[in-house]
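1. I'd like to go over a predicted model; first the sequence, then the structure.
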There are 2 protein chains.
Amino acid sequence: MKYSTIKILPLFLGGILFSQSKQDSLQFRNIADEILVNGTAYKNLHDLTKNIGHRLSGSAAYEKATNWAVLKLKEAGADKVWMEEVMVPVWERGKESLQIKDQSGKWKSIRMLSLGNSEGTKGKNVEAEIIFAKSKEDFDKLSDEEIKGKIVFFNYAFNQKFINTGQAYGDAGKYRRNAASWAGKRGAKAVIIRSLSSALDDVPHTGMMKYDTDDTFKIAAVAIGPKSADELEKALKSQKVFAKLNSNCAMKGEKRSHSVIGEITGKIDNSVIAVGGHLDSWDVGEGAQDDGAGIVQSIEILRAFKKMGLKNNHTIRVICFANEENGVKGGNQYAENVKKNNEKHLFAIESDGGGFTPRGVAFVMSAEKRAQIQSWKNLFLPYGVYNFEMQYAGTDVEPLHDLDVPVAELVPDSQRYFDIHHSDEDTFEKVNRRELLLGAVTMGQLLYMIDKSW
Amino acid sequence: MKYSTIKILPLFLGGILFSQSKQDSLQFRNIADEILVNGTAYKNLHDLTKNIGHRLSGSAAYEKATNWAVLKLKEAGADKVWMEEVMVPVWERGKESLQIKDQSGKWKSIRMLSLGNSEGTKGKNVEAEIIFAKSKEDFDKLSDEEIKGKIVFFNYAFNQKFINTGQAYGDAGKYRRNAASWAGKRGAKAVIIRSLSSALDDVPHTGMMKYDTDDTFKIAAVAIGPKSADELEKALKSQKVFAKLNSNCAMKGEKRSHSVIGEITGKIDNSVIAVGGHLDSWDVGEGAQDDGAGIVQSIEILRAFKKMGLKNNHTIRVICFANEENGVKGGNQYAENVKKNNEKHLFAIESDGGGFTPRGVAFVMSAEKRAQIQSWKNLFLPYGVYNFEMQYAGTDVEPLHDLDVPVAELVPDSQRYFDIHHSDEDTFEKVNRRELLLGAVTMGQLLYMIDKSW
């Protein structure tokens, strides 16, 4: 590629300078320069992922991560850092295996992961014939006779036609959440689902499931990789296939844990503008994109603002939420405390879509505020950030919306996230330094605008 | 004027516009669905990178790649496939090494790559003290005495402040292209440059250099990784450092080779709408992002159009150019033949920025045509493609602009490209399936619009 001939229309940039405040444009540039040149987010992410690794709520690793976050917020220059107590569920995986046997008569191990919060087989072998359903609709057509005593296998695939892979994740999500209840209620012994993955490899992905409150029998629920899923579906078309599942995962009550919070005090008042991610991860991989990225980006913004001496009008707060993955206890507790203490919040944004190149910001807020943010679009365009149309918010900041706080989520490029999400593949090596930093740039720029405008 | 006419007219026109854009919208969706669901580009890229690997023009691997391209274009359903003869330079690397010695007195090997088309040391050790220049301006301040007999080391870094890394590449590019001539003319024995890389790792990147035509002494020119470069700069601040360079690279004349071309015949005429990439790569890594991606994307468009039975008005042509990396002989020869044969071309686009998520298309064409393409922007937005402002074109299609052909280049997300470009790291594993396919979607949609409109 020859880039020497690149010309960006001078009018394009010039127009921005004339139509928006030149000062805002310059401050956007300063924020970007500070983060792209001096940013420590990538180094921090290396530290978090390689020295602590995955960190499910309730685990010892998570507790290490809370101490790490306190340290990093202090290093970044926070005026105040504290831990916010929250009770989190404790779920442990333990040893687990899945074998299948077709007409060849030989048991063959396949890669699998029990779904988060599921009850497993309590160390016993659960062995049964597999019955196949492509979708819930197919499953509903099966008779109780066909289901009873069997292991139900759902092979509902990610819909590749969605451009935003988050939509495909949403579309397939009910299988991970509900399959165990659907199948358990009709007498199945266990359930196997195709992993919620945009890739076509053989990596299994975990993630939260939930038993219906009226479930008498909590059957085991596991995910297998897309390749194994397709092979299993193919085998089932011509023959009987049996599965033997053994797992030790179980819920083990609750535990006192913490979200970690740091802030720069506002020059004018204590109204809070919050940015965060979740400090916990699933118990596989390194929780790098999900959501180490959101954590180090949020800390990066605090570091950059402090280093630049930005003198924010309102309090800029970084929240490292506990327990997003298997309970959202951190996010709910935070909103509860805000309500109890009647603490004014102007805005809260989360980064939980991975540290990929930012493309926009999604919002849940009044039409008026939305329009105001959209009016800043030309300031963001030189940074490749153009999409301010989506309406959703980060899982951990969403509870604040009930208190009428405008909430948001960073919208990074979505193509690679669900290839690795909740799997052993979510490692530091999957994160690109500049992409990660650019996400912090976008949120930093937005916080700057909100701080001066609201 | 009757009010009834005023009311009816806009509705009537609106109806036409709506139904046309609705039809285009549907066709955009069909093209995306076909490529995202049935696309073979990723599989083809695996085949090219793993079974052939890197393929510098003039090498045996490149010749294998031409046969591969013929086969793949036929498989994709091209009505006609042929090879276009072109004479290409032959440059061979051979064994090479770089050692440095500081005041510790011990020689230490560092990772390096000779720059493409450079002459090397002809297998002899070239040993000298290193003299450092941060930039050309610093170099110009050095006296001839200071330079003569030394090995000059330039440590000009990628400017991380550019949001589009292509601009940083353009900015640093002159060091790779010209450093040997600058230093050679002033009596230096060899030149070492910091690799043109956005990463901060220790991976060396090669790429084309050029001796000035009046160069009497063609000195060796090598690149080292960013980390080694920074360490070397640091060492040079406090002590004398010596380098020992040995390399065998050399230009070895010319060779007859080929670009590979395939097309679907136009329904109405033989005017050509061209899409392509370059089939050659550097002699390191696997040439996956640069530019296996552009090749398989272009073939993918032909496959999808054929499969969909799109019935293009004009000829849709895929060009797999020879020798982009170290001569652009393929692109120049193609334009020369077009001129000689007076072959009408409506448009030509190249994909040579890697198979990353597409963000836009850059153009070099008349203001009128540019405005027309920009008027289609809303059709592209649902696919995350929003930037139609940049003015440049692919290196291999640029020569067609001299014949007044509107030329273009796909603009993918630029953040990861220059981490791996021209290095051992440019492997299949660095390519994401959906990102790759989406690039083909964007170009396919654009070709569809141009085919129906021009």
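-> Thanks, I have it.
2. CA atoms for contacts and neighbours, from now on please.
-> Noted.
3. Spatially nearest residue to the closest residue to chain B within the stretch 201-350 of chain A (excluding sequence neighbours)?
-> The minimum distance from the stretch 201-350 of chain A to chain B, using Cα to the nearest Cα, falls at residue A:201 (11.0 Å). Of all residues not flanking residue A:201 in the chain, residue A:227 sits nearest, at 5.6 Å (Cα to Cα, 6 or more residues apart in numbering or on different chains).
4. list the contacts for the one you found?
-> Counting by Cα atoms under 8 Å, 6 or more residues apart in numbering or on different chains, residue A:227 makes contact with A:200, A:201, A:202.
5. Just the buried residues from these, in ChimeraX please.
-> In ChimeraX syntax, the buried subset of the contacts of residue A:227 is picked out as below (16 or more other Cα atoms under 10 Å in any protein chain shown):
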select /A:200,202
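6. closest to residue B:237 among the contacts of residue A:227?
-> Using Cα to Cα, residue A:201 comes nearest to residue B:237 of those, at 49.6 Å.
7. before we move on, back to that, is the residue of the stretch 201-350 of chain A closest to chain B in contact with residue A:224, as I believe?
-> No. Residue A:201 is beyond contact range of residue A:224, at 10.4 Å (criterion: Cα atoms under 8 Å).
8. Can you list phi and psi of whichever residue of the stretch 101-250 of chain A sits closest to chain B for me?
-> Nearest residue of the stretch 101-250 of chain A to chain B: residue A:161, at 5.5 Å (Cα to the nearest Cα). Per-residue torsions, residue A:161: phi -70, psi -20 (degrees, to the nearest 10).
9. helices and strands of chain A: which one has the lowest mean pLDDT?
-> Ranked by mean pLDDT, DSSP states H and E, the helix or strand of chain A with the weakest confidence is helix A:10-19, at a mean of 46.
10. who touches the following helix or strand past it?
-> As assigned by DSSP states H and E, the chain's next helix or strand after helix A:10-19 is helix A:22-38. When contacts are defined by Cα under 8 Å, 6+ apart, helix A:22-38 is touched by residues A:16-17, A:300-301, A:304-305, A:308, A:379, A:434, A:437-438, A:440-441, A:444-445, A:449, B:160-161.
11. do that again at 7 Å, thanks
-> By Cα atoms under 7 Å, 6 or more residues apart in numbering or on different chains, the residues outside helix A:22-38 that reach it are A:17, A:304, A:379, A:437, A:441, A:444, A:445, B:160, B:161.
12. Could you tell me how many residues sit around the second one?
-> Pointing back at residue A:304 there. Counted with other Cα atoms under 10 Å in any protein chain shown, the neighbours of residue A:304 add up to 25.
13. all strands of the stretch 51-200 of chain A, in order?
-> A:80-92, A:96-101, A:107-109, A:112-114, A:126-133, A:151-154, A:190-194 (DSSP state E, counting those that start in this stretch).
14. Could you dump these into a markdown table and include distance to chain B, mean neighbour count and mean pLDDT?
-> A markdown table is the format used below for the strands of the stretch 51-200 of chain A (distance: least, Cα to the nearest Cα, whole Å; neighbours: other Cα atoms under 10 Å in any protein chain shown; pLDDT from 0 to 100):
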| stretch | distance to chain B | mean neighbour count | mean pLDDT |
| --- | --- | --- | --- |
| strand A:80-92 | 31 | 19 | 98 |
| strand A:96-101 | 28 | 19 | 98 |
| strand A:107-109 | 26 | 13 | 98 |
| strand A:112-114 | 23 | 28 | 98 |
| strand A:126-133 | 21 | 21 | 98 |
| strand A:151-154 | 20 | 28 | 98 |
| strand A:190-194 | 18 | 28 | 98 |
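15. Columns distance to residue B:334 on top of those strands, output as JSON lines?
-> Shown next, in JSON lines, are the strands of the stretch 51-200 of chain A (distance: least, Cα to Cα, whole Å):
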{"stretch": "strand A:80-92", "distance to residue B:334": "63"}
{"stretch": "strand A:96-101", "distance to residue B:334": "56"}
{"stretch": "strand A:107-109", "distance to residue B:334": "54"}
{"stretch": "strand A:112-114", "distance to residue B:334": "52"}
{"stretch": "strand A:126-133", "distance to residue B:334": "54"}
{"stretch": "strand A:151-154", "distance to residue B:334": "53"}
{"stretch": "strand A:190-194", "distance to residue B:334": "49"}
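16. Right, I'll leave it there.
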